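>>> The following comprises the amino acid sequence and a computationally predicted model.
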Amino acid sequence: MEDDLRQESVKRWLRGRFGSPLRFYDEIGSTNDEAMRWATIEEAPEGAVVVTDHQIAGRGRWGRSWFSEPHTAIQFSLVLRPRMPVDVLGLLTTALGLACAEGVEIASGVRCGLKWPNDVVVSDRKLAGILVESRVTGHMMDVAIAGMGINVHPPSSEPPPDVSQRATSVLHEAGVQATGKRPQRAEILGWVLDSFERIYAYLGSGEGAAELIERATARSVVVGKDVVVRVADGSTFEGRAERLLPSGALEVLVDGEHRAVHVGEVAQLRAS
């Protein structure tokens, strides 16, 4: 498996201001932790990115761990200074998911879906995950760290059973879909950052947010399905996912009443 993910190769694929300045690590505990430290202590500017070949203490939502092998995934964190209300954090996560799906598709030809709130999927298997962590001043986000992990190469060894049954990779899906493309990790990262920079530019406007929700809905594997939703306290409820709201929340029809879910996850979905 030949794949050159180095600071120089990443820089060759950068097109805009996102990705500069850049810090690359062969191995690191958590790119989100390093990016937050860089942003809050050293005042890293918006667009700064931390990239690693291997993350040994990566995490997902609600403290879950992120499994990866060296040389197989793209793992990075982007520093943002959005000055947006904290209640639209879900919209930022939606924008990142859309950028990931579009960037992967440009680079590899693989058509990706979005599973609310923070997964990029192909054929019901997870391709990428997103974790946004923020520092808040009053009701506004002062700093947001957008972390993303994208599986590019299939693992060389057998992952844990719960991972192997639910995960996939860009190159595996490119083979299944016969796209004829085998991009390297730096290329995919460059396209994802380029896509997100264009989306982020109009994220604060009502018109731009509406377009974002429309594009994300077109890729959603959740909207229109009967779902089981798990919320932060561990409890669940069932309903029909009706639509994505302008805030990035999911609107679910529960016993004839609409419920907006701002913090939660779809634990199960099935066709209506």
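Yep, it's here.
>>> Can you list the low-confidence ranges for the stretch 151-272 of the chain?
For the stretch 151-272 of the chain, the stretches flagged by pLDDT under 70 are 157-164, 271-272.
>>> Contacts only, for residue 222.
Residues in contact with residue 222 (C-beta atoms under 8 Å, 6 or more residues apart in numbering) are 114, 115, 116, 241, 250, 266, 269. In this view, the C-beta of every residue, glycine as well, is placed from N, C-alpha and C.
>>> what about the strands in the stretch 1-150 of the chain?
Using DSSP state E, counting those that start in this stretch, the strands found in the stretch 1-150 of the chain span residues 22-28, 49-55, 73-80, 113-115, 119-122, 125-137, 140-151.
>>> Do me a favour and get the backbone dihedrals for the closest residue to residue 91 other than its chain neighbours.
Nearest residue to residue 91, sequence neighbours excluded (C-beta to C-beta, 6 or more residues apart in numbering): residue 248, at 3.7 Å. Dihedral angles of residue 248 (phi, psi; degrees, to the nearest 10) stand at phi 90, psi -10.
>>> Neighbours of residue 248, how many?
Counted with other C-beta atoms under 10 Å, residues neighbouring residue 248 total 23.
>>> same check, this time on residue 45
So residue 45, with other C-beta under 10 Å, has 12 neighbours.
>>> Against residue 254, how distant is it?
Taking C-beta to C-beta, to the nearest Å as the measure, residue 45 falls 43 Å from residue 254.
>>> now swap in residue 88 and tell me
From residue 88 across to residue 254, the span is 23 Å (C-beta to C-beta).
>>> longest helix anywhere in the protein?
In the chain, assigned by DSSP state H, the helix with the most residues is helix 89-108.
>>> got the CA coordinates for it in PDB?
The C-alpha coordinates for helix 89-108 follow below in PDB (Å, rounded to 0.1, in the frame of the first residue of the first chain):
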ATOM      1  CA  LEU A  89     -23.500  24.100  16.300                       C
ATOM      2  CA  GLY A  90     -25.500  21.400  14.500                       C
ATOM      3  CA  LEU A  91     -25.500  23.400  11.300                       C
ATOM      4  CA  LEU A  92     -21.700  23.500  11.400                       C
ATOM      5  CA  THR A  93     -21.600  19.800  11.900                       C
ATOM      6  CA  THR A  94     -24.000  19.400   8.900                       C
ATOM      7  CA  ALA A  95     -21.700  21.600   6.800                       C
ATOM      8  CA  LEU A  96     -18.700  19.500   7.600                       C
ATOM      9  CA  GLY A  97     -20.500  16.300   6.700                       C
ATOM     10  CA  LEU A  98     -21.600  17.700   3.400                       C
ATOM     11  CA  ALA A  99     -18.100  19.000   2.600                       C
ATOM     12  CA  CYS A 100     -16.700  15.500   3.400                       C
ATOM     13  CA  ALA A 101     -19.200  13.800   1.200                       C
ATOM     14  CA  GLU A 102     -18.600  16.200  -1.700                       C
ATOM     15  CA  GLY A 103     -14.800  16.100  -1.300                       C
ATOM     16  CA  VAL A 104     -14.600  12.300  -1.200                       C
ATOM     17  CA  GLU A 105     -16.900  12.100  -4.200                       C
ATOM     18  CA  ILE A 106     -14.800  14.600  -6.300                       C
ATOM     19  CA  ALA A 107     -11.600  12.700  -5.400                       C
ATOM     20  CA  SER A 108     -12.800   9.100  -5.700                       C
END
